[in-house]
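Asker: I would like to see how this sequence folds:
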Amino acid sequence: MPPNTLLIASDHAGYELKERLEVWLRELGYTVTDLGTESAESTDYADYAHPLAQRVSEGTAVRGVLLCGTGLGMSYVANRYPRVRAAVAWTPEIAELARRHNDANVLALPARFLSEAQARQILKTWLETPFERGRHERRIEKIEREVAAGPNDFRQESTETR
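Answerer: Below is the predicted model of the structure:
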C-alpha cells in the first residue's frame with residue numbers, strides 16, 4: 001500500500017468527524033479506505049478497530065486513523081496487534097512525539113473532545129512527522145518482544161542517556 005494511502009475507521013461517536021476528515025484527506029491527495037462505521041447509530045468500537053489494526057499488523061496497510069469518543073477504546077484494541085503502535089493524540093505536540101519517538105502507525109483521535117480544526121491539525125502533524133530512528137529503534141524493538149517470564153526480562157543495561 002503506497003505511503004499516501006490511509007485506512008480510517010470509527011464508531012458512532014467518531015462517525016461525523018471521520019466523514020469530514022476523509023473528505024479533507026482526499027482533497028490533500030490521500031487515498032483513503034473507509035472501514036466504517038456508516039452512520040451515527042450506536043456501534044461497538046472494537047468491530048472497527050480490529051480490521052484496521054489487523055491490516056496494519058500484517059503490513060497490508062502502512063498507517064491508519066481511528067476515531068471514537070475518547071480514542072482510548074480504539075487504541076486498546078489496536079495495540080493488541082503485533083507491529084501496531086496506536087497513539088491517542090489530543091494535541092499536535094502529542095501526535096508529533098508519537099511519530100518522532102514511537103513510530104506510531106495508528107492515530108486514535110478523541111472525537112468528542114476535538115473540533116474539526118483541531119483534529120485536522122493533529123492529523124496533519126502526525127502524517128508529516130518522520131520517525132527519528134536512532135535510540136528510539138531499540139525501544140520499538142522492546143515493544144515488539146514476546147511477553148517473557150517477568151518484567152525485568154525486558155530491561156537492558158545502557159550507558160546511553162535516556
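
Asker: just checking, what packs against the worst-scoring helix or strand of the chain on mean pLDDT?
Answerer: Within the chain, no helix or strand scores below helix 135-144, which has a mean of 73 by mean pLDDT, DSSP states H and E. Under the contact criterion of 3 or more CB pairs under 8 Å, 6 or more residues apart in numbering; DSSP states H and E, helix 135-144 touches helix 92-102. Backbone N, C-alpha and C define where each C-beta goes, glycine included.

Asker: repeat that for 7 Å
Answerer: If you count contacts as 3 or more CB pairs under 7 Å, 6 or more residues apart in numbering; DSSP states H and E, helix 135-144 packs onto no helix or strand.

Asker: tell me how far that helix lies from the chain's centre.
Answerer: 17 Å (CA atoms, centre = their mean, to the nearest Å).

Asker: got the CA coordinates for it in CSV?
Answerer: Extracted in CSV, the C-alpha atoms of helix 135-144 (Å, rounded to 0.1, in the frame of the first residue of the first chain):
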residue,chain,number,x,y,z
ARG,A,135,17.9,5.3,20.2
HIS,A,136,14.1,5.1,19.5
GLU,A,137,14.6,2.0,17.3
ARG,A,138,15.8,0.0,20.3
ARG,A,139,12.7,1.0,22.2
ILE,A,140,10.4,-0.1,19.4
GLU,A,141,12.2,-3.4,19.3
LYS,A,142,11.4,-3.9,23.0
ILE,A,143,7.7,-3.2,22.4
GLU,A,144,7.6,-6.0,19.8
